[in-house]
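1. sequence and predicted structure below; questions after.
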Amino acid sequence: MIAPTPYFTVALVAPGVLAVFGLAFLWAWSIERKRNYLRLLAGACFCFGIGAVSQAMMLPRDIGHNALFSGAFHTLAVLLVSEGVLRRSGRKLGLAVDIAVFLAVIALLWWFFYVSRSVVVRVYVQNFSYGAVLLATAIMLRPLAKGRYVDRALFWFLLFFAVLFFPRTLLTMGLQDLISVQEFASTRFWQVLQLSLAIFGSGLGFTILAAALTDVMDDLRRERDTDPLTGVLNRRGFEDRAAAALRRGAAGAGTGTERGTGTGAQAALVACDLDHFKSINDTYGHPAGDEVLRRFGALLRETARAGDIIGRTGGEEFLVLLPGTTRAGAFEFAERVRQRLETLAIPALGPGKTVTGSFGLTERQGSESLQAMIERADRRLYAAKTGGRNRTVAVELSSLMRA
């Protein structure tokens, strides 16, 4: 028998809302198919909907079968949510844990219906199990509390949603082992359950969806701003991030640095150019030239600090912004790269053949723009090339500095 109309209508609110979120997760996955955790989250929404609808419509009709059927889909929904948000951050509960939790919940539901029937205990089994799984998930994701705003929101919303499962069971106090839908729907527990699932379940779904869409947009932005050959930023990406770093540096003036003796307001820029690169392409072919660029890009990434910004701004031209670094620190960096490049083995060029590079650098003066720094670094790079190549120029032509 289908549940009374008021019960039936209210019971379908939460699954109806989550079904919309399920479709939204599938849409986000269709944009960025490598994010398979989005499919898990969509599956969680649909599983919860199936469980809720089966309860509201009493399908299957047998009460015991219905308790096990709906409980199975609700449990699966919780496990899919947990795995989805964990895999977004490169973590997981694992299939063995998922199977163990699922079988334990179903076994307890079976026992407390067919052996020692108690609707109150079944409520405790499901709420405590689901709360524990989601609480463990939130604990595993606690680094998100220090991440981006959307990650912080996800962590705290997940934590609150998990904890909510425990105090809600207090509303079962005085609840008898009711068997009719009408009686159960009249309890405060059921009413609070439906309200909290509709409100906080929707809030959690919205937060997860916002985090997922942020991930997708970040990936698209990263692909747009990255040079696919070398793995460093392209010109657009470099200029955007370097300009932002200079603004942050000005705002954080007075902080220390790891390279040189500069403060947060200071920064240095290194312009790099591979010597005789055209002749490498002409002599060994473009595949060999591409290999040289790839290895030089890797060398720059290995030598730079985490906060340094590297970009390929031309064919064989690169720029490196070193926030919080003085001219002396930038010179040390450039020389380290230059000396390592001299000894870098590149199989595509054959045994004994190496590549050299020329470097020009400058230190930021006051609050000057990135473009002004680039122009001055380029002049010193030109001086390095006209002065014999394979050298670093940190001042104007009259005061060349070379290792």
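-> In hand now; what should we look at?
2. and Ser118, how far is that from Ser54?
-> Here the criterion is CB to CB, to the nearest Å. By it, Ser118 lies 21 Å from Ser54. C-beta coordinates here come from the backbone N, C-alpha and C atoms, glycine included.
3. and what of Leu299?
-> When distance is defined by CB to CB, Leu299 is 60 Å away from Ser54.
4. so which elements touch the host helix or strand of Gly51?
-> Per DSSP states H and E, Gly51 falls inside helix 37-57. If you count contacts as 3 or more CB pairs under 8 Å, 6 or more residues apart in numbering; DSSP states H and E, helix 37-57 packs onto helix 5-11, helix 13-31, helix 63-88, helix 202-225.
5. tell me which residues of stretch 341-359 are tucked away?
-> Within stretch 341-359, the residues scored as buried using 16 or more other CB atoms under 10 Å are 341, 346, 348-349, 355, 357-359.
6. what helices and strands are in contact with the helix or strand harbouring Ala328?
-> Using DSSP H and E, Ala328 sits within helix 327-342. Identification of packing neighbours for helix 327-342 by 3+ CB pairs under 8 Å, 6+ apart yields strand 267-274, helix 286-303, strand 317-323, strand 357-363, strand 392-393.
7. closest to Val101 out of the ones you listed?
-> Nearest to Val101 among the helices and strands packed on helix 327-342 is helix 286-303 (41.8 Å), distances taken as CB to CB.
8. show me where pLDDT drops low in the protein?
-> For the chain, applying pLDDT under 70 flags the ranges 1-12, 170-195, 198, 250-265, 396-403.
9. who are the contact partners of the residue nearest in space to the middle of the chain?
-> Nearest to the geometric centre of the chain sits Asp215, at 5.6 Å (CA atoms, centre = their mean). Asp215 makes contact with 32, 35, 88 under the criterion CB atoms under 8 Å, 6 or more residues apart in numbering.
10. redo those residues as JSON lines? Include distance to Arg168 and neighbour count.
-> Shown next, in JSON lines, are the contacts of Asp215 (distance: CB to CB, whole Å; neighbours: other CB atoms under 10 Å):
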{"residue": "Glu32", "distance to Arg168": "35", "neighbour count": "16"}
{"residue": "Arg35", "distance to Arg168": "32", "neighbour count": "20"}
{"residue": "Arg88", "distance to Arg168": "26", "neighbour count": "22"}
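11. wait, Gly64 sits on Tyr114?
-> Yes. The pair Gly64 / Tyr114 is scored as a contact, 6.2 Å apart, by CB atoms under 8 Å.
12. need phi/psi at Ala304.
-> phi -80, psi 160 (degrees, to the nearest 10).
13. Lys353 belongs to a helix, doesn't it?
-> No. According to DSSP: H, G, I helix; E, B strand; the rest coil, the state of Lys353 is coil, so it is not within a helix.
14. doesn't Ile346 make contact with it?
-> Yes. At 7.0 Å, Lys353 and Ile346 qualify as touching, with contact defined as CB under 8 Å.
15. give me the number of residues near the closest residue to Ala19 other than its chain neighbours?
-> Once flanking residues are discounted, Ala19 sits nearest to Gly49: 5.0 Å by CB to CB, 6 or more residues apart in numbering. By other CB atoms under 10 Å, the residues close to Gly49 number 21.
16. check contacts around Gly49.
-> With CB under 8 Å, 6+ apart, Gly49 has these contacts: 15-16, 18-19, 22.
17. buried only: go through the residues you listed for me.
-> 15, 18-19, 22.
18. okay if I get these as TSV plus distance to Thr75?
-> Listed next are these as TSV, based on distance: CB to CB, whole Å:
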residue	distance to Thr75
Pro15	15
Leu18	15
Ala19	19
Gly22	17
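19. and which of these is nearest Ala242?
-> Closest approach between the buried ones among the contacts of Gly49 and Ala242, by CB to CB: Gly22, at 41.2 Å.
20. tell me how far that closest one lies from Asp62.
-> Counting by CB to CB, the gap from Gly22 to Asp62 is 28 Å.
21. what's the answer for Gly51, then?
-> Gly51 is 16 Å from Asp62, by CB to CB.
22. circling back: Ser118 and Ser54: which is more packed in?
-> Ser54 (21 against 16).
23. quick one: contacts for the residue nearest to the more buried one when sequence neighbours are not counted?
-> Nearest non-adjacent residue to Ser54, counting by CB to CB, 6+ apart: Ser70, 4.7 Å away. Contact analysis of Ser70 by CB under 8 Å, 6+ apart lists 51-52, 54-55.
24. one more time with 6 Å, if that's ok
-> Ser70 is in contact with 51, 54-55, counting by CB atoms under 6 Å, 6 or more residues apart in numbering.
25. swap in Ser89?
-> Shown in contact with Ser89 (CB under 6 Å, 6+ apart): Leu141.
26. give me that answer again for 8 Å
-> 141, 143-144.
27. give me phi/psi at Gly311?
-> The phi and psi values for Gly311, taken as degrees, to the nearest 10, are phi -140, psi 150.
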